[in-house]
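**Student:** mind folding the following:
(3 chains)
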Amino acid sequence: MSRNRTPEPLSVAELVHFGPLSSARAFAADHLDRQVSRVALVSELDQIRQCEPHAALVLHGSAALGAWAVESALRLAWERNASCVIAPAEIAVTSSTAQLAERLRVPLFVVEDPATHALELSAAVADTEAARARLTARCAVLFGERSTVRDILGVINSEVPGVTAALVADDGYVIAGRSAAGRPDGGHRVRVPVPGPDGRPWAELVAQLAAWSPSWVETVELILRLARAPLAASVGRSWLAIAHQAASERLLLQTLLRGEDVTDPARDAGWRLDGRHVAVVLRVAERSVQAEDSTTPAVIVAWRETFAHLPLVPVEDGWAAWWTDPEAEPEEVAAQVRDFLNPVRVPLELTAGVGVAGEGVNGLRRSVAEAQLASAVASRIGGGAVELFGELGPRAVLACLPVTEIAAAAQVALENLLGAPDAEVLITALAALLDCAGSTGQAAARLGVHRNTVLGRIERIRARGVDLDSPDQRLALHLACYSLLSSRGWRS
Amino acid sequence: MRIGVRLDVSRAHGALVHDGRLLATASVPRSPSTGKHLVFLLRELADHADSTVDSVTWDLSGAFESSLRRAAGAQRTDAPPARRVGALRLLPRSPYTVGHPSPLIKSLVAHFGIATGGHDLFGTELAPVDLDAAIKQAAEARAAGATTLAVTATGAPSRLTHEDTVAARLTEEFPDLRLCLSHEVGGMGVLQREATTVVNASLLDVAEELVTKCERVTGSLGNSVSCWFATGDGGRISPRRMRTLPVLGLNAFASTALLGAARISGMHDTAVLLIDTDTVSIGQVRDGLPHVESDLRGELGVRLAAPQAALTVRTTDTAERTAALLAEQSPGNAGVIAAISPGGRELAERLATRTRLGLTTVDSDCDVSAAGSAWTEPSAWLDLVVTVGSTEDLHRQQSLVEQRALTMVAANGAPPDSGRIIRSVATPLGFLWSDVYRLHVWATSGTPG
Amino acid sequence: MGDVGHTRVNEITVEDLPALVAGSSLLCSAAGDASFDGYCEIVAELLRNRGSVRLVELDSMPDDALCAAIGVMGGFAPMVELPPSGDEAVLAVRALEDRLGRKLDALVALNAAGPNAVFAVAAAAVLDLPLVNCDGMGRVLPLISQTTYALDGMPIGPLSAVSLAGDVLVLDSGLHRSDLLLRATMQAAGGWMLCAMYPATVSRLRTAAIPHATSRVLEVGRHLTSATERGALLDGLARAVGARVVGSGRIVELGHATRTIGPRHYPAVPTSVVVQEYADTGRMIRLEGQSELLVAVIDGVVAAAVPDVLCLIDRHDLRVVGVETVAVGDHVDVLVVPADARWHSKAGLTLAGPRAFGFPVRHPREEAQR
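**Tutor:** Just a heads-up that it's a prediction; the model follows:
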């Protein structure tokens, strides 16, 4: 904090949150932005007329004779642009007085002993820097006592008056805190980058300030900086723990899927193996950035926020989970997972496959395998897609095809056809015709064109040297078309 | 399921209610001698009930009023006339005029007498009670044909010893003389209490006969059906209490009508316009109960200590203006409008069509008072004067009175622990230089709404 | 205010009694139109038997005519519980005349407001003396020393007082000790005493009294008893006594809550009444008082204060609502009736302005002069 500038006065909010007004009963408490430049002990209402603006008025004596006197004081406070009115508790503040405070937007505090409060307030107001230093110190102590990201943000949001803070990822995803802070809707903001456990920039602490003054911004920025190290540490701690747990669970699940008996360790891990299961496999969308080991903690953390009771275990090409419930149905599970895949919740472009329900460990094994196949299909479709094995049926097999390799081979084998200017149209037509077992009518319907158009395209395909009638060729042609259409690389 | 029945001069109107709903209404002509028609009325209503009927609450105010008016010679009806009674007032000095300002009370009293005695509101004796004079006045009242004597001592709300002393002595002297003492009805003001006590005394015989008949008719539905009587405060009391304090049932009509109209409309806090042939009465329902006060003049034109609905009565030609004033006060909910006689139906319906006024209307066929009677709950009203030493003392005394009121509610037949205080007001009496408070405590049973 | 369109009245008959009673209620916010039926019946009987009471103006009386002010001090409740017997004024005036050694020629009202407006008429009837059309308060004030008589330097004594048991007291003391001694006697006396005080000649009263006090009450009463419509009544009161509507609304709060939970939201000490206005502004009119309403604070601003009269009129019943009978939920117009000009003098405000009642505020007129 720079020492070469007089600090701006404290706001009423600051006095409430870390000052002498913290225990007072407050009315019109939504209007605490005003700064307090001095404290005036008012024993006669007339004194208020002489008060400078931004005073905190402490009523006692004849200025606090009853509700009418408090109401008069509120009115005079409003006229003098005072910051707040503090009244003794022996005056029963009823709704009419509270309503007046609200209408005049003059905060009213009720305290047991106004005289003592006046002294404490004066001390706080006179030494703003000391008051702010106390706040900073208090936050530092509390940061040290908190171990999770959420709790650390909670300290900022509850202790620092008029400040709403959030931890926001690069892509705008709110990791913790109040999302209002992350919203780009103006106001006064303080931003501090937060490094991850690896030291690389990972997220940003964003604080929205209700009141603004240079020295207050400095105070808030200092507090945010103080929060960085505990945040990084807590993230590091939690991510390491998650990564470790994930690795061991991955081995356990591999063992289980191989058919070995893992009943005891699975139970220790909190897995449910008996009963009816529906498995889900999450997979990063094919065309998005491929998953790395480092993404696992983020996915698991996001998963736990939604499905706290369900373990998510890394598997090859993704993460597996399963619902165990006698009533569990794949469609229902798919709906829940679809919600989860909403990009607001997950910082990655994920897709999912859902297996058919199965009983016991064997059923689980089968369901996981099915979910894996379905997830492969989903991952080709793109972000947010969820495929159900039960709906895919044998088509799921296609997901195992090395479409990239086949497509590469097809580019050589069907060079002539692919050289056509309208190659994509022809390949699509060919695929449709093969899908429809050679029926030009059905193919036309599927493509949404007239049958004559399909016949025309078949002529052009034939003209490029493709024999549609040879049974030997048909499977190869079908695979080639499927692979070409499924792999992105081929289409320009 | 509950039934409410209102007896007026010529007919009996009944309503069957359950929770907040009015299920059925019926009406029969009254047969003065037997309760045949009434039994028929109850049976007809009970036929609409899909479970058992728990209670029948009777509103006798119309019958009582007819009896009083007949005694005053103001109404030709076949209602049994209220009895003329004696009135004895205990005062420190003789007033300039003896008697009572109300023509009704004058007509009900065969002999007015004054004996020395009385206390001030602080409980200090103003003059020693003159028992010989009391006996002399009682003898004169008996000579004038009175079999009941209403005794009213000034200061009785704060000290009742003179009334009790006189009662003890008179009972000794005249064992057959019935006595009604003003502190039993309570309230402040020697004239208000005297009027209330006289009306009560003169209704004792009429009440005895009606209550007995109502109990018998109620019994025709089965032994498990309880019998109640609606009171002016919008509550109800047991047959036993009605026999001794019929004045409590005197002004039940307006209170039960307010209660019924608001309940039928599903309103908890509202103004209610009761439309009669020539008049519009505006009353209030607050927290689901009619707004009542003591010391009101009411229909009979005499201030009574017993509580009754606080009504503003206007002629029908001002009805629209009145409704507009209500609409200005509570935009969107001017109030509930209900016809309380066939003559009021047309106006009620006409006002209800003025949507600008925002009035809620009650079906003109149903008797709001009979329905309201069914919805009453056991209640108690206390009106006392206390001198206190400190704020704590006031709270202590107020709490004691509240407890007393709750006890009365329970004694009036409410289920244990169902009582609640609706109003407990301590009003400091002005310009007295000492802490004297008038306590109004009103308790009832059941939950709000 | 005395000059606001008063009409000349020469006598008061039993027919005038309802208007007198109604009119007196406007200037008495504590009692409102409380039930003084018992007493009114006695006064009616007196007026029926004695004919009428002559109401005379100060300027029509000889300078040396001796008068005394008739008024009751004490509470309304004891008066309702035990109405006066009717001969208290005779006992009081005879005792005062004995002490003075001279017969009175006429009576004046201590204050032609509240029950005292009627007491003065009744005393004149029972004593067969003329009543001078003036008073010393123009409203109800709690102390017998708070009068324009005292303001003008008239001695209060010797005075006589009669209790409701018929005890007679004669007191010879100064202004404030008289007040003190009578107050001390009040409880033993039973709660009220009828007094004959401020004995003075007409020439003395010419500067000290507020003229036309009784005729003004009668005029107000005629508006209150004849009005069937709110607007007409308010217009009439504005013409008669300069009454002004401070605001209209619903009573939402009474006094200070002594319990915050349970049913006792209602006052243990109803020294304040809060009226929420109908207008969209939602202004709150807070009325503070001790027996009488003394100060009106609207949104924290003192809008009206004693010695001007504050009172509540029920918007439906068109009657004055007393502080002792007001209830939460009542719909009222809040009226202020300006006091006589001499109450607005510096000395007048010192004696009966808001600060005299412990409200450390300036009267709106003082505020305007700053």
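
**Student:** just the pLDDT for residue A:487.
**Tutor:** pLDDT recorded at residue A:487 is 69.

**Student:** scratch that, residue C:325 is what I was asking about
**Tutor:** For residue C:325, pLDDT reads 77.

**Student:** please tell me how far it sits from chain B.
**Tutor:** 8 Å (CB to the nearest CB, to the nearest Å). Every residue, glycine included, has its C-beta placed from N, CA and C.

**Student:** domains in chain A, by residue range?
**Tutor:** What automatic domain parsing lists as the domains of chain A is A:10-126, A:129-231, A:272-398, A:403-486.

**Student:** measure the second one end to end?
**Tutor:** In other words, domain A:129-231. 26 Å (CA to CA, to the nearest Å).

**Student:** any idea how far that domain is from the middle of the chain?
**Tutor:** 17 Å (CA atoms, centre = their mean, to the nearest Å).

**Student:** the longest one too?
**Tutor:** Between the centre of domain A:272-398 and the centre of its chain there are 20 Å (CA atoms, centre = their mean).

**Student:** pull up the distance across it, start to finish.
**Tutor:** With CA to CA, one end of domain A:272-398 sits 31 Å from the other.

**Student:** in chain C, which spans are helices?
**Tutor:** C:17-26, C:37-50, C:76-81, C:88-100, C:115-127, C:148-151, C:175-189, C:202-208, C:213-226, C:230-241, C:346-352, C:364-369 (DSSP state H).

**Student:** low pLDDT regions in the chain?
**Tutor:** As the question left the chain open, I've gone with chain A. Scanning chain A for pLDDT under 70 picks out A:1-7, A:17-19, A:170-171, A:179-187, A:196-200, A:211-212, A:237-240, A:287-294, A:343-347, A:487-492.

**Student:** wrong one, chain C
**Tutor:** C:1-8, C:31-35, C:256-271, C:279-280.

**Student:** residue of it with the smallest distance to chain B?
**Tutor:** residue C:86 (2.9 Å; CB to the nearest CB).

**Student:** right, and that residue touches residue B:98 too?
**Tutor:** No. If you go by CB atoms under 8 Å, residue C:86 and residue B:98 don't touch, sitting 11.2 Å apart.

**Student:** more crowded one of the two?
**Tutor:** Between residue C:86 and residue B:98, counting by other CB atoms under 10 Å in any protein chain shown, residue C:86 is the more crowded of the two (22 against 12).

**Student:** which residues does the more buried one contact?
**Tutor:** B:95, B:96, B:97, C:42, C:43, C:45, C:46, C:122, C:126 (CB atoms under 8 Å, 6 or more residues apart in numbering or on different chains).

**Student:** can you add distance to residue A:34 and neighbour count and give the residues you listed back as TSV?
**Tutor:** Shown next, in TSV, are these (distance: CB to CB, whole Å; neighbours: other CB atoms under 10 Å in any protein chain shown):
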residue	distance to residue A:34	neighbour count
B:95	67	21
B:96	68	17
B:97	69	20
C:42	64	23
C:43	62	27
C:45	68	18
C:46	67	24
C:122	62	28
C:126	67	22
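
**Student:** I'd like the residues you listed as TSV, with distance to chain A appended.
**Tutor:** Compiled in TSV, the contacts of residue C:86 are given as follows (distance: CB to the nearest CB, whole Å):
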residue	distance to chain A
B:95	42
B:96	44
B:97	45
C:42	40
C:43	38
C:45	44
C:46	43
C:122	38
C:126	43
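
**Student:** quick check: nearest residue in space to residue B:199, chain neighbours excluded?
**Tutor:** Of all residues not flanking residue B:199 in the chain, residue B:247 sits nearest, at 5.0 Å (CB to CB, 6 or more residues apart in numbering or on different chains).

**Student:** then residue C:51?
**Tutor:** residue C:13 (7.5 Å).

**Student:** what's around the one you found, how many residues?
**Tutor:** 11.

**Student:** circling back to that earlier point, for the domains of chain A, which one sits closest to chain C?
**Tutor:** Comparing those by CB to the nearest CB, domain A:10-126 comes nearest, at 2.5 Å.

**Student:** with chain C in mind, check whether that closest one reaches it.
**Tutor:** Yes. Under the criterion of CB under 8 Å from any CB of the partner chain, domain A:10-126 makes contact with chain C via A:44-45, A:62-63, A:65-69, A:71-76, A:78, A:92, A:94-96, A:99-100, A:103-104.

**Student:** just the buried ones out of these, please.
**Tutor:** A:45, A:62-63, A:65-69, A:71-76, A:78, A:94, A:96, A:99-100, A:103-104 (16 or more other CB atoms under 10 Å in any protein chain shown).

**Student:** residue B:68: what secondary structure?
**Tutor:** Following DSSP: H, G, I helix; E, B strand; the rest coil, we place residue B:68 in the helix state.

**Student:** which SSE is the residue nearest to residue A:146 when sequence neighbours are not counted in?
**Tutor:** Nearest residue to residue A:146, sequence neighbours excluded (CB to CB, 6+ apart): residue A:152, at 4.9 Å. Using DSSP states H and E, residue A:152 maps to helix A:149-159.

**Student:** which elements pack onto that helix?
**Tutor:** If contacts are counted by 3 or more CB pairs under 8 Å, 6 or more residues apart in numbering or on different chains; DSSP states H and E, helix A:149-159 sits against helix A:128-145, strand A:163-169, strand A:174-177, helix A:214-258.

**Student:** could you redo the last one with a cut-off of 10 Å?
**Tutor:** Here helix A:149-159 touches helix A:12-18, helix A:128-145, strand A:163-169, strand A:174-177, helix A:179-182, strand A:201-209, helix A:214-258, going by 3 or more CB pairs under 10 Å, 6 or more residues apart in numbering or on different chains; DSSP states H and E.

**Student:** now these as a markdown table including mean neighbour count and distance to residue B:191?
**Tutor:** Converted to a markdown table, the helices and strands packed on helix A:149-159 look like this (neighbours: other CB atoms under 10 Å in any protein chain shown; distance: least, CB to CB, whole Å):
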| stretch | mean neighbour count | distance to residue B:191 |
| --- | --- | --- |
| helix A:12-18 | 24 | 59 |
| helix A:128-145 | 16 | 69 |
| strand A:163-169 | 23 | 69 |
| strand A:174-177 | 21 | 74 |
| helix A:179-182 | 18 | 69 |
| strand A:201-209 | 21 | 71 |
| helix A:214-258 | 18 | 72 |
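
**Student:** of all the ones you listed, which one is nearest chain B?
**Tutor:** helix A:12-18 (32.5 Å).

**Student:** tell me what the next helix or strand after the closest one is packed against?
**Tutor:** Downstream of helix A:12-18, the next assigned helix or strand under DSSP H and E is strand A:25-27. Where contact means 3+ CB pairs under 10 Å, 6+ apart, strand A:25-27 is packed against strand A:84-88, helix A:95-104, strand A:108-111.

**Student:** quick one, helices of the stretch 51-200 of chain B?
**Tutor:** For the stretch 51-200 of chain B, the helices defined by DSSP state H, counting those that start in this stretch occupy B:61-71, B:103-108, B:131-143, B:161-173, B:182-185, B:190-219.

**Student:** want to try CSV for those, with mean neighbour count as columns?
**Tutor:** Output for the helices of the stretch 51-200 of chain B, formatted as CSV (neighbours: other CB atoms under 10 Å in any protein chain shown):
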stretch, mean neighbour count
helix B:61-71, 23
helix B:103-108, 20
helix B:131-143, 18
helix B:161-173, 18
helix B:182-185, 24
helix B:190-219, 24
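
**Student:** got JSON lines for those helices, with mean pLDDT too?
**Tutor:** Conversion of the helices of the stretch 51-200 of chain B to JSON lines gives the following (pLDDT from 0 to 100):
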{"stretch": "helix B:61-71", "mean pLDDT": "91"}
{"stretch": "helix B:103-108", "mean pLDDT": "92"}
{"stretch": "helix B:131-143", "mean pLDDT": "97"}
{"stretch": "helix B:161-173", "mean pLDDT": "96"}
{"stretch": "helix B:182-185", "mean pLDDT": "91"}
{"stretch": "helix B:190-219", "mean pLDDT": "94"}
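
**Student:** re the thing from before, with distance to residue A:84 added, can I get the contacts of residue C:86 in CSV?
**Tutor:** Converted to CSV, those look like this (distance: CB to CB, whole Å):
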residue, distance to residue A:84
B:95, 61
B:96, 63
B:97, 64
C:42, 59
C:43, 57
C:45, 63
C:46, 62
C:122, 57
C:126, 62
